[in-house]
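Colleague: Build the 3D model from these lines:
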Amino acid sequence: MHYFERYKQHLDSLTKEKNNRAKLTSRIAAAEHDGTESRDFSWLVKALDQLRTARQVLSNSYAFAYFFFGGQLYAEEFSEDENRVNQNLFEDSQEMLAAEVERLSGLVERAKELTLDAQLRLDVINSSVNIHTRIVKFFELVENDLYGKLQSSSAQIAVYRG
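Modeller: Below you'll find the model as predicted:
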């Protein structure tokens, strides 16, 4: 049930992020059209795009974990101890990504006022880059440390092109 709940939470947040992106791009366009804003807010739009991608990765990762660790699909591939180690490694990486996603979400929420705050801008950009790096490492973990250890069957993960 844990995996389903987390899956659902990230899907719900994904819907909110899509709505936030639409509202924010409208506000930026309106401010630029009125001549009140001439600053570049592409960093904020890119952060929202990174949040969307990360939430998609996270929501799908809970479904993956349910079948990989909880089901019988790969039960004969790993001993109980190996499975526990793999699951802990996967969940640690998953939790670190989720924590950074929540951090960026909070930063974006603060930045939605479109005020000029250089430190906030820097924090948003750094968090976006951090999330990108965590997603790349997360995909490498699945590809190399989980699927790479399969003996009797093979599996592949979709390529991340963030």
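Colleague: Please make it C-alpha for all contacts and neighbour counts, starting now.
Modeller: Noted.
Colleague: And stretch 78-96, how far out from the chain middle?
Modeller: Centroid displacement of stretch 78-96 relative to its chain, using C-alpha atoms, centre = their mean, to the nearest Å, is 19 Å.
Colleague: outside of it, which residues touch it?
Modeller: Residues from elsewhere that reach stretch 78-96 (C-alpha atoms under 8 Å, 6 or more residues apart in numbering): L58, S61, A65, F69, R134, F138, L141, V142, D145, L146.
Colleague: And stretch 55-71, by the same measure?
Modeller: Residues outside stretch 55-71 that contact it (C-alpha under 8 Å, 6+ apart) are 3-4, 6-11, 13-14, 73-75, 83, 87, 94, 97-98, 101, 135.
Colleague: Now intersect the residues you listed with the helices, please.
Modeller: Within the contacts of stretch 55-71, membership in helices is found for 3-4, 6-11, 13-14, 83, 87, 94, 97-98, 101, 135, as judged by DSSP state H.
Colleague: give me the element the residue nearest to the spatial centre of the chain is part of.
Modeller: Central residue check for the chain by C-alpha atoms, centre = their mean: the C-alpha nearest the mean position is that of A54, 1.8 Å away. Take DSSP states H and E as the rule and A54 turns out to sit in helix 42-69.
Colleague: Pull out the buried positions in that helix.
Modeller: For helix 42-69, the buried set under the neighbour-count rule, 16 or more other C-alpha atoms under 10 Å, comprises 44-45, 47-62, 65, 68-69.
Colleague: Was I right to think K112 contacts T25?
Modeller: No: contact between K112 and T25 fails when scored by C-alpha atoms under 8 Å: they sit 10.0 Å apart.
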